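Chemist: requesting a structural model of the entry that follows:
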Amino acid sequence: MMQKRIFYPHPVDLAQLRLLANLPAQRRLRVMLDARELAVGMMRGRLRKEFPNLTSKQLNLKLLEEISRANG
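Modeler: Numbers count the residues shown, from 1 in each chain. Prediction:
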């Protein structure tokens, strides 16, 4: 049986928010996309270790399931 994962948000870093607020919109978007790519890559790596026998397609489906659960 798979354990249900609970995601907790990190506290807001006001200094980081101020830095991001001063960036142009396209740079903020790039930062967001880079952060998402990193997070998804880390999740994929963890799932690959947890389920080493899955095909790439099965792994991607597991990843999508986990992301949809996190989005609630």
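
Chemist: which parts of the biggest helix by length in the chain are buried?
Modeler: Longest helix in the chain by number of residues (criterion: DSSP state H): helix 25-50. The neighbour-count check on helix 25-50 (16 or more other Cβ atoms under 10 Å) flags 44, 47 as buried. For the C-beta atoms, the positions are set from N, CA and C on the backbone; glycine is no exception.

Chemist: next helix or strand past it?
Modeler: The helix or strand immediately downstream of helix 25-50 is helix 56-71, counting by DSSP states H and E.

Chemist: give me the residues contacting that next one.
Modeler: The contact list for helix 56-71 (Cβ atoms under 8 Å, 6 or more residues apart in numbering) reads 4-5, 7, 40, 43-44, 47-48, 51, 54.

Chemist: give the buried residues for it.
Modeler: So for helix 56-71, counting by 16+ other Cβ under 10 Å, buried means 59, 62-63, 66.

Chemist: circling back to that earlier point, which elements pack onto the longest helix of the chain?
Modeler: helix 56-71 (3 or more Cβ pairs under 8 Å, 6 or more residues apart in numbering; DSSP states H and E).

Chemist: any weak-confidence spans in this protein?
Modeler: Applying pLDDT under 70 to the chain flags the ranges 1-2, 5, 7-9.

Chemist: let me know the outermost residue of it.
Modeler: The outermost residue of the chain relative to its centre, with distances by Cα atoms, centre = their mean, is residue 22 at 24.1 Å.

Chemist: now that residue: phi and psi?
Modeler: phi -90, psi -10 (degrees, to the nearest 10).

Chemist: equivalent analysis for residue 53, please.
Modeler: phi -90, psi 0.

Chemist: what distance do you get for the residue farthest from the centre of the chain to residue 35?
Modeler: 17 Å (Cβ to Cβ, to the nearest Å).

Chemist: next one: residue 4
Modeler: In terms of Cβ to Cβ, residue 4 sits 24 Å off from residue 35.

Chemist: next one: residue 64
Modeler: 19 Å.
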